[in-house]
Each structure stands twice: as C-alpha cells, then as structure tokens.
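>>> coords please:
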Amino acid sequence: MKKSMLYTGIGYLICSITLILFVKLGPNVSFKGVIIGFASALILPGTIMIYKYIRWSKSQNIPIYEARIKEEQINLNDERKIRIRDKSGYITYTIMTWVLLFANLIFSAMKIKTVVLVALWALWLFQYICGVVISKYLEKKL
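Next comes the predicted model:
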C-alpha cells in the first residue's frame with residue numbers, strides 16, 4: 001500500500017477540520033452551509049483512505065492485497081472488459097443526452113424559469129460538444 005494514500009487521507013481530514021473550525025470560529029460569511037458541506041464531504045473519504053492503508057499494511061493482509069492488485073491489473077488490460085467499458089460509456093452518454101433533451105422539453109412545457117431552462121439547454125449542448133470533440137480526438141489518437 002502506498003504511503004501517499006495515508007498522506008492524502010490525513011490531508012483530507014486536516015482540511016475538513018480546518019474548514020469546520022473556520023465556520024465555527026471565523027468571520028460570519030453567507031456561505032457557511034457550503035463550507036460545512038465541503039468539510040463533511042472530506043471526512044468520509046479521508047477516514048476510508050486511512051483505514052485502507054492501515055488494513056492492507058498489516059503483514060497478514062499483504063499477500064491478499066498483492067493478489068487483488070494483480071487481478072485488477074489483468075482486468076484493466078483485458079480486451080473484452082475494455083470493449084464493455086467503452087460500450088457502457090457510449091450507452092450512458094446516449095441515455096443522458098436523451099434524458100437532458102426530454103427534461104428540457106418537459107420543463108419548457110411547465111413554464112419553469114428561463115434561467116433553469118437556459119442552464120439545462122447549455123448543459124445538453126456542452127455534453128453534445130464534449131462527445132463530438134472527444135470522439136474526434138480519440139479517432140486521431142487511436
């Protein structure tokens with residue numbers, strides 16, 4: 001297990017505690033809820049990273065960890081799994097494009113505020129453009 005995992009987990013916890021102390025002891029700002037949300041979002045990943053490092057660094061767990069890493073490397077390079085990941089990414093992209101399109105149409109019919117509609121249409125357009133740009137890039141690269 002890499003030491004960087006432990007250091008990252010400790011860093012997350014330190015950032016989380018710092019943000020919580022800032023909210024409790026710092027100046028009165030209007031976005032305290034957002035800061036508390038960020039702090040809360042850092043606690044669990046940091047704790048899990050530290051736990052994993054401690055668990056997999058024990059001498060009785062090292063062979064199990066090495067076997068898992070070896071199997072993970074095999075799975076990452078397996079051609080069938082690569083095709084499955086590519087296909088699932090394509091299907092997910094297509095589904096989300098249609099979901100955004102229909103959500104825009106439904107919200108337009110419901111007379112939702114213009115700002116929300118513009119944001120949804122911009123998100124749909126951004127997703128479409130990203131899909132085209134990434135596919136062109138991958139065609140040239142591969």
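
>>> what packs against the helix ranked longest in the chain?
Secondary structure of the chain per DSSP state H: the longest helix is helix 79-109. Using 3 or more CB pairs under 8 Å, 6 or more residues apart in numbering; DSSP states H and E, the elements in contact with helix 79-109 are helix 114-141. Heads up, the C-betas are built off the backbone N, CA and C, glycines and all.

>>> just to revisit the earlier point, pull out the buried residues from the longest helix of the chain.
93, 100, 104 (16 or more other CB atoms under 10 Å).

>>> With stretch 124-139 instead?
By neighbour count on 16+ other CB under 10 Å, the buried set for stretch 124-139 is residue 124.

>>> Work out the gap between it and the centre of the chain.
Chain-centre distance of stretch 124-139: 19 Å, with CA atoms, centre = their mean, to the nearest Å.

>>> Kindly calculate the angle that the longest helix of the chain makes with helix 114-141.
160 degrees (axes from the mean of the first three to the mean of the last three CA atoms, to 10 degrees).

>>> what does the average pLDDT come to for helix 79-109?
Averaged across helix 79-109, pLDDT comes to 86.

>>> Domain ranges for this protein, per the record?
3-76, 80-141 (automatic domain parsing).

>>> between these, which gets the lowest average pLDDT?
Mean pLDDT, when computed for each of the domains of the chain, is lowest for domain 80-141, at a mean of 86.
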